[in-house]
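1. For reference, the sequence and a predicted model appear below.
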Amino acid sequence: MKTYSVHTSQSQLSKLLQKALHGEEIVITNRHKPVARLTPIRSPKRKLGFLGNGVWMSRDFNAPVKDFSRLISETSLYSGYQRSSGAG
């Protein structure tokens, strides 16, 4: 772990980022006190099939909605929506 002052880290940020990307831990200090740590972000590894059979889709999932206009008018997101008269 290497330490760099705020002033040095400002002038050499891209160099420090490259070091962090290669796994080095960088500590930034202000008046000799540590104030920040620069480390690479590691992506979490995904586990395939972790939901098992917990996800399902209805057989009529892709079927058209019978009364779509009523469904939209009852949805709170569209409750204040008014259809324009077309003039404008």
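-> Thanks, I have it.
2. Show the subsequent helix or strand relative to the longest helix along the chain.
-> Longest helix in the chain by number of residues, with DSSP state H as the criterion: helix 13-21. Using DSSP states H and E, the next helix or strand after helix 13-21 towards the C-terminus is strand 26-30.
3. can you give me the angle that following strand makes with helix 13-21?
-> Put simply, strand 26-30 runs at 140 degrees to helix 13-21, going by axes from the mean of the first three to the mean of the last three Cα atoms, to 10 degrees.
4. what about the closest residue to Glu25 other than its chain neighbours, how many neighbours?
-> Among residues not flanking Glu25 along the chain, Met1 sits closest, at 4.6 Å (Cβ to Cβ, 6 or more residues apart in numbering). (Each C-beta comes from the backbone N, C-alpha and C, glycine too.) By other Cβ atoms under 10 Å, 9 other residues sit near Met1.
5. again with Arg59
-> Every residue meeting other Cβ under 10 Å relative to Arg59 is counted, giving 7.
6. repeat for Leu51
-> If you count neighbours by other Cβ under 10 Å, Leu51 ends up with 8.
7. go on, Lys19?
-> Lys19 has 17 nearby residues by other Cβ under 10 Å.
8. who's in contact with it?
-> 2, 26 (Cβ atoms under 8 Å, 6 or more residues apart in numbering).
9. how close does it get to Tyr4?
-> To Tyr4, Lys19 is 10 Å away according to Cβ to Cβ, to the nearest Å.
10. which residues in this protein form helices?
-> Secondary structure of the chain, counting by DSSP H: helices at 6-11, 13-21, 68-74.
11. Select, out of these, the one closest to Arg46.
-> Relative to Arg46, the nearest member of those by Cβ to Cβ is helix 13-21, separated by 21.3 Å.
12. so what's Glu24 closest to, chain neighbours aside?
-> Lys2 (6.8 Å).
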